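Engineer: Sequence and predicted structure below; questions after.
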Amino acid sequence: MKGQILISQPFMLDDTFRRSVIIMAEHDEEGSIGFILNRPVDMEVNALISAFPEFQARLGYGGPVGHDSIHYIHNLGEELAESMLIQDGLWWGGDFEQLISMVEMGKVKAADVLFFIGYSGWSVGQLDEEIKAGSWIISEISASQVLQEDSSELWKEALKPINNNFSVISEIPDADIYN
């Protein structure tokens, strides 16, 4: 599942994950890690990390685990040492000091990287059980879709090719479904 996305099923009530799209960065015998792609945070990265230069990169809420951590996915590839491949054109993490240097030298554009506060994590077998229970829909996504500037319609966009009924449901405003 590494590199795939989890799309919350249309009637999920959990406030953390309702109408969310999660890119899976890791899924192995130790558990699973992903990042919510469509929960932007209105804050600059350098407001959280004083050593980070002013940079208009996007920042999102990655999930309910590790709120004291910053993660990032990017398209810099092997240019950024220690990066881990998620899928073609998309990597997770890497040498943070090198990233700062690349930003300062103008080698990184804001569209190349997406930062997250925290992450979404599951223990061994937990995510598989949630998928079997119907909480998540598994799908594919391109690196360019992951790094797109506006993620406000991502959940709707991700559902449309999966099932025509989901496509119709995705057009109902969020508040109308749950009230």
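Structural biologist: Now that the structure is in, tell me what you want to look at. Numbering: from 1, shown residues only.

Engineer: Would you indicate which residues of the longest helix belonging to the chain are buried?
Structural biologist: In the chain, ranked by residue count with DSSP state H as the criterion, the top helix is helix 96-104. Within helix 96-104, the residues that count as buried by 16 or more other CB atoms under 10 Å are 99-100, 102-103. Bear in mind the C-beta positions are built from the backbone N, C-alpha and C, glycine included.

Engineer: just stretch 25-43 next, same as before
Structural biologist: 25-27, 32-39.

Engineer: quick one: which of those is nearest Tyr61?
Structural biologist: Arg39 (4.0 Å; CB to CB).

Engineer: And the spatially closest residue to the closest one that is not a sequence neighbour, its phi and psi?
Structural biologist: The spatially closest residue to Arg39, leaving aside those adjacent along the chain, is Tyr61, at 4.0 Å (CB to CB, 6 or more residues apart in numbering). Dihedral pair for Tyr61: phi -90, psi 110, per degrees, to the nearest 10.

Engineer: Also Asp128?
Structural biologist: phi -60, psi -40.

Engineer: And Gly60, by the same measure?
Structural biologist: The phi/psi pair for Gly60 (degrees, to the nearest 10) is phi -130, psi 170.

Engineer: Any idea what it is bridged to?
Structural biologist: Pro40, Phe116 (DSSP bridges).
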